[in-house]
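Undergrad: Got a predicted structure here, sequence first:
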Amino acid sequence: MSLSYEMENSGAWQTYLAQINRVAPYLEEDLIPFINTLKRPKRALIVDVPIVMDDGSIQHFEGYRVQHNLSRGPGKGGIRYHPDVELNEVMALSAWMTIKTAVLNLPYGGAKGGIRVDPRKLSPRELERLTRRFTTEISPIIGPQIDIPAPDVGTNADIMGWMMDTYSTIKGHTVTGVVTGKPVHLGGSLGRVRATGRGVFVTGLEVAKKINLTLEGSRIAVQGFGNVGSEAAYLFHKANAKVVCVQDHTGTIFNADGFDVKQLQDYVAIHKGVAGFPDATLIEDEAFWTVEMDILIPAALEGQITPERAQKLTAKLVLEGANGPTYPEAEDILLQRQIMIVPDVLCNAGGVTVSYFEWVQDMASYFWTEEEINERLDKLMIKAVEDVWHTADDKDCSLRTAAYILACERILKARKERGIFPG
Ligand code: NAD
């Protein structure tokens, strides 16, 4: 069922367009003429990335960098390495970055990039060659004042380090601010690796308070145990919630008493997946969606919460760690069932917020402590939750629509005030 649903409603870009169409009726009349600016990307680059494999053969990979909107500042958004990457997906991910940076009021537009590749099948040297060649191919349209990549699914700090070094080599001098999410000794920021998971926890905590959901003892299910999912799970575990079910690409594990999340993190670091973790029952992947839970954290890929799964979910709160995990039709079902959704453009914005801090620190060549970073992050995330919550109250709409109203007003006002060149 889920597969046919995905095929019929193919494309994350379709999901994004449906979300934008939902917000239009709420916008001030003078902004409506500018809304089409959000319905197409400003710029999309498709590149061929040939590399010499370790066995001497040559392989070609397809890469993308899409700048969706630059009305409020340089493009900002991650780079994904995954076998399913395609233009439609990168376009949607870049658009969600436009909305996200505006919800947090960061001085950026939205961008995203990726390569259609399974990074697990490449050796470290092949991965480095792929990254350096891809960076060279997209170098004409990136830069600290133009478009600033960061990590996403399948990429990490090492890859950002190679990107920074390659771009710097092209420019002839070190340019730390061209990417964020770099290793700390290359101009990276303390707290960046854990920032997205932390943001999921902070926004989740704030919204849980508002709907009178007690964290202590609440049951949590997490899909995806990578950068975002594992940190969010860890912080909820530390707050005495029970992480009862975890799914990743290797399988789905369950323990009604809750996992020791630190032990699970250590296990995954060695075994590269959750399958086989002791003290857990391996269950069918589809059973993940019907486990008794209070909070669901999708933190893997988009298009996971289909209408059929939305009917069965027992959660009271969904925290979208992943980008675009919920189909619009599934969202309608969740809202009818009074299940609260903290949308991706708010919930997972912790990463881009600390990326912004990293970029600011690189520009100033002055670095903050981890305490300062976390304090500033929490403050911005809590402010964004309050802004979105009050807009939802005021307009009597969902948190997602409220976040889009806030963001679209900021973006379209900037567009209107800049005017359309040449006029
Ligand atoms: P990651 O590569 O570190 O982890 C991805 C996780 O998803 C892994 O545990 C993997 O096993 C799992 N996964 C992959 N395919 C799966 C499948 N078919 N079923 C179940 N699990 C599967 O990636 P990440 O950085 O944690 O990103 C996860 C999500 O969060 C993505 O949607 C990404 O766009 C979003 N996000 C990431 C950041 C960030 O800072 N890294 C920021 C904002 C949003």
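TA: Looks like it arrived, so ask away.
Undergrad: show me the contacts for the closest residue to the ligand within the chain.
TA: Closest residue of the chain to the ligand, CB to the nearest ligand atom: G226 (1.9 Å). The C-beta positions use only the backbone N, C-alpha and C, and glycine is treated the same way. Neighbour list for G226: V153, D248, A299, A300 [criterion: CB atoms under 8 Å, 6 or more residues apart in numbering].
Undergrad: Now tell me which of those the prediction trusts least.
TA: Lowest pLDDT within the contacts of G226 is found at V153 (93).
Undergrad: Tally up the residues packed near that one, please.
TA: 22 (other CB atoms under 10 Å).
Undergrad: Go ahead and confirm it touches D84.
TA: No: if you go by CB atoms under 8 Å, V153 and D84 don't touch, sitting 9.8 Å apart.
Undergrad: Spell out which residues are contacts of both of the two.
TA: Joint contacts of V153 and D84 (CB under 8 Å, 6+ apart) are L301.
Undergrad: Which strands or helices does the top helix by length along the chain pack on?
TA: The residue-count maximum for a helix in the chain (DSSP state H) belongs to helix 370-395. Packing partners of helix 370-395 (3 or more CB pairs under 8 Å, 6 or more residues apart in numbering; DSSP states H and E): helix 87-103, helix 192-210, helix 344-347, helix 350-364, helix 399-418.
Undergrad: just those helices: most buried one?
TA: Greatest average neighbour count among the helices and strands packed on helix 370-395 goes to helix 344-347 (a mean of 30), per mean count of other CB atoms under 10 Å.
Undergrad: is that one anywhere near the ligand?
TA: No: Helix 344-347 does not reach the ligand (CB under 6 Å from any ligand atom); its nearest approach is 7.0 Å.
Undergrad: helices and strands around that helix, which ones?
TA: By 3+ CB pairs under 8 Å, 6+ apart, helix 344-347 packs against helix 87-103, helix 192-210, helix 370-395, helix 399-418.
Undergrad: between these, which gets nearest to F34?
TA: helix 399-418 (4.6 Å; CB to CB).
Undergrad: ok now do V66, which residues does it touch?
TA: Contact analysis of V66 by CB under 8 Å, 6+ apart lists P41, R43, A44, L45, L87, V90, M91, L93, S94, A111, K112, G113.
Undergrad: Give the bridge partners for it, please.
TA: On the basis of DSSP bridges, V66 is bridged to A44, K112.
Undergrad: so how far is W96 from it?
TA: Computed as CB to CB, to the nearest Å, the V66 to W96 distance reads 11 Å.
Undergrad: do the same with S365
TA: Distance, S365 to W96, using CB to CB: 31 Å.
Undergrad: where does G114 land on pLDDT?
TA: Value listed for G114 in the pLDDT field: 98.
Undergrad: quick one, phi psi at Y64?
TA: Taking degrees, to the nearest 10, you get phi -140, psi 150 for the backbone angles of Y64.
Undergrad: Tell me the spacing between it and L130.
TA: 14 Å.
Undergrad: what's the answer for H185, then?
TA: To L130, H185 is 23 Å away according to CB to CB.
Undergrad: And the two? Which one has more around it.
TA: Higher neighbour count among H185 and L130: L130, with 24 against 7, using other CB under 10 Å.
Undergrad: Give me the nearest residue to that one, chain neighbours excluded.
TA: Excluding its sequence neighbours, the residue lying closest to L130 (CB to CB, 6 or more residues apart in numbering) is I51, at 5.2 Å.
Undergrad: Can I take it that that neighbour is in a strand?
TA: Yes: checked against DSSP: H, G, I helix; E, B strand; the rest coil, I51 lies within a strand.
Undergrad: from memory it sits against F134, does it?
TA: No: here I51 lies out of contact with F134, judged by CB under 8 Å, at a distance of 9.1 Å.
Undergrad: ok, the two, which is more surrounded?
TA: F134 (28 against 21).
Undergrad: which residues sit against the helix or strand hosting the more buried one?
TA: Secondary structure assigned from DSSP states H and E places F134 in helix 124-138. Contact partners of helix 124-138, identified using CB under 8 Å, 6+ apart, comprise 45, 47-54, 61, 63, 65, 113, 115, 117, 119, 122, 142, 159, 162-163, 165-167, 170.
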